[in-house]
Structures are given as structure tokens and as C-alpha cells.
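**Student:** sequence-free structure coming up:
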């Protein structure tokens, strides 16, 4: 069921009892108060607290130096800084295409549903090693290699020479936020310009 944030807390918990010595704790968090990093923090803390409780010991978790509310107060004080960033992004994205027209095997519906899908696959160990060697050769990260490959694929499918890709970043630039549970993630835009005669290495260096 969807969260009604005006009426309900953004976290749900359910303890399922499967037997005398087997229980499962189910937690659901709304994205407004949590990101993927936060889930890892929460799992570690619940495990540590459960271990301490089962052994009759007090909590071993250290006191947090700041709370998420402190981070929000700090962020609100950065308005002048954010304005400069906004000017940067407006400049970088001037003239960017509003939509990448991917070829489809059926007509687009009049009202989009935005229901996505997922296709999973794995690289072989040999291909993974080759990609890492390529990254090392051009002094780039493996992420940059994969983004260059993705841009190449989109260019082949669409013919578009101006491609914008959104990607999430953790948004935890201060060390004090590493142990906090909250929504820090931010989506940035990576704009890539592809030319027909461009080599893959040139595209890779542009992205770097």
C-alpha cells in the first residue's frame, strides 16, 4: 500500500513469527526518509542492537555527532552556494534535447504509465578483466567505461548526437553524514556529444 505521509509515519515494521525460534522483521521505508546507503546503515545498526540485546549487553552504537535535522539546517544555509551551482547547470544544459526518442516496437500510449522494467545480465570474468584494463589504460574509472558504452549504444539506436544521462550520487560529502539515515541522494546529469567519426577512446576521454 502507498504511504500517506500526511497521516502516517514514513516507516512500517512487521514482525513475522515463523516458529518458536524463528522470526523475520520486515521494514519498509519511504524514499523521502531513506536512500540505498541508509538501508545499509539501518541493517548494520539493527544487527548490532539485536546482538547486544540477545547477550544482555547495552547498546554498543556510538552517539551520532549530528542528526539529519542538523544536516537540513546546514543545507538551508547554503542558498547562495546552490544558486551558483544552478547557474552552472543552466549553462551546461542549454539547448539539451528534452527527450531521447528511442525506437519502440509499438506506438507510445497517449498517457504514459512510467512503469519500467529491468533486464539483468552478467559479464564474464574475461570481459570484466578487459574492461578494467581499458579503464586503467585511459586513466578512467570503470563507471566511465560503462557510461561511454551506454552512450554508444544509445547513439546507435537513436542517431542522436546529444545525449543526457541521469545518474545518482550518494550526496554524503561530509564525513559526519556517513552514519546517518535519511535522504541524501542526488541525481546529476551527464551530457555527452557524439560525432559519427569519433572513436570510442575519444568518447571515453570526453566523458572523463
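**Tutor:** That came through, no problem. If you're wondering where the values come from, they're calculated on a predicted model, not measured in any experiment.
**Student:** run through the strands of this protein in chain order.
**Tutor:** 11-19, 22-29, 162-169, 186-193 (DSSP state E).
**Student:** turn these into JSON lines, columns for mean pLDDT.
**Tutor:** JSON lines is the format used below for the strands of the chain (pLDDT from 0 to 100):
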{"stretch": "strand 11-19", "mean pLDDT": "92"}
{"stretch": "strand 22-29", "mean pLDDT": "91"}
{"stretch": "strand 162-169", "mean pLDDT": "93"}
{"stretch": "strand 186-193", "mean pLDDT": "92"}
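**Student:** is it possible to get CSV of the ones you listed that adds mean neighbour count and distance to residue 138?
**Tutor:** The way it works is simple: take the backbone N, C-alpha and C, and place the C-beta from them, glycine included. As requested, those are exported to CSV (neighbours: other Cβ atoms under 10 Å; distance: least, Cβ to Cβ, whole Å):
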stretch, mean neighbour count, distance to residue 138
strand 11-19, 9, 44
strand 22-29, 11, 39
strand 162-169, 13, 19
strand 186-193, 13, 16
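**Student:** got those as a markdown table, with distance to residue 70 columns?
**Tutor:** As requested, the strands of the chain are exported to a markdown table (distance: least, Cβ to Cβ, whole Å):
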| stretch | distance to residue 70 |
| --- | --- |
| strand 11-19 | 20 |
| strand 22-29 | 20 |
| strand 162-169 | 21 |
| strand 186-193 | 18 |
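**Student:** so how far is the first residue of stretch 2-22 from its last?
**Tutor:** Its start and end residues considered, stretch 2-22 measures 29 Å (Cα to Cα, to the nearest Å).
**Student:** contacts for it?
**Tutor:** 23-30, 32-34 (Cβ atoms under 8 Å, 6 or more residues apart in numbering).
**Student:** now it: how far from the chain's centre is it?
**Tutor:** Centroid separation between stretch 2-22 and its chain, computed with Cα atoms, centre = their mean, to the nearest Å, is 25 Å.
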